[in-house]
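Colleague: Fold the stuff below for me.
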Amino acid sequence: MGKFIALAILIMIILSACSSPAPAPTAISEPTIAPTETTVPARSAEPAQALLRSRHSEVAVQLDFVNKSAQASDYYWVDFDGKEQKYGTIEASASVVQDTYFTHPWIVRGQFGHIVLIYIPTETAKQTITISVDAVALAQKYALTSYPQLKSLHFDTEIMINFENGSSVPLDYYWVDYDGREQKYGTIEAGATIIQPTYFTHPWIGRDQSGNIVLIYIPTDAPQQTVTISADAVAFGQTP
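Modeller: Here you go, the predicted model:
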């Protein structure tokens, strides 16, 4: 009798196991295909905040700061580490002649420390920078006291720039937007000139075909401005 009961229990266990649903098969994940990486041409890209600094002292130039406003302004050289060094004060309706170098930035500040203009010299021997009544008014309007990176500040004053490529190679030119990012606008062929509408305070960068920086230019509020990129400027841009 006991053997019969044990046999019956064993048969029930076997039948129960056969009727249980089979476990779901483990899903096999499809292999992930890595996205194709876009190849970016090599270039000497620098963080935007690092671009506002003196780069070299190869070409001596002379700046004539002309203050046409009714208030005094202080002017500062931006050194090789990107730090401002005060050089002096330009009294109202006065002018100051300052010896400096191609690529050395200068910052002019109003009586409350507001930035009136930022100027990076080209390699032209003599350059005139006018501090206008409008520039001072805009400085007070935006009350900008620091400039942590190279970028466009506002679009209150429309101007026109003639970019002249005096070198023997084509050059690309970029607008630096409000976030400090470079936006390519086009190419200036060797020996050619392009006319670019833009605004006071909007920086522009010129690069050769290897991406080397040959020019950084921040316009003043003069209606018409001409910027020449020479063969020497291109050579300096290619120097490590």
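Colleague: now the strands for this protein?
Modeller: With DSSP state E, the ranges of strands along the chain come out as 60-67, 73-78, 84-90, 95-101, 106-109, 115-119, 126-131, 158-165, 171-176, 182-188, 193-199, 204-207, 213-217, 224-229.
Colleague: Just list what the fourth one packs against, helices and strands only.
Modeller: The one in question is strand 95-101. strand 60-67, strand 73-78, strand 84-90 (3 or more Cβ pairs under 8 Å, 6 or more residues apart in numbering; DSSP states H and E). Yep, even glycine has a C-beta here, placed from its N, CA and C like the rest.
Colleague: Could you point out which of those sits nearest Q225?
Modeller: Shortest distance between Q225 and these, using Cβ to Cβ, is found for strand 60-67: 14.7 Å.
Colleague: quick check: angle from that closest one to strand 73-78?
Modeller: Taking axes from the mean of the first three to the mean of the last three Cα atoms, to 10 degrees, one finds strand 60-67 and strand 73-78 inclined to each other by 160 degrees.
Colleague: who does strand 60-67 pair up with?
Modeller: strand 95-101 (antiparallel), strand 126-131 (parallel) (DSSP bridges).
Colleague: how far out from the middle of the chain is the first one?
Modeller: When you say that, I think you mean strand 95-101. Taking Cα atoms, centre = their mean, to the nearest Å, one finds the center of strand 95-101 at 26 Å from the center of the full chain.
Colleague: now swap in stretch 84-92 and tell me
Modeller: With Cα atoms, centre = their mean, you get 26 Å for stretch 84-92.
Colleague: got the contact list for that stretch?
Modeller: 65, 67, 69-79, 96, 98, 107-108, 131 (Cβ atoms under 8 Å, 6 or more residues apart in numbering).
Colleague: Of those, grab the buried ones for ChimeraX.
Modeller: Of those, the buried ones go into a single ChimeraX selection, burial set by 16 or more other Cβ atoms under 10 Å:
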select :65,67,69,71,73,74,75,76,77,78,96,98,107,108,131
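Colleague: In stretch 231-239, which residues are buried?
Modeller: In stretch 231-239, counting by 16+ other Cβ under 10 Å, buried: 233-234, 236-237.
Colleague: The nearest residue to V176 once chain neighbours are set aside: neighbour count?
Modeller: Spatial nearest neighbour of V176, excluding adjacent residues (Cβ to Cβ, 6 or more residues apart in numbering): P203 at 4.1 Å. By other Cβ atoms under 10 Å, 25 other residues sit near P203.
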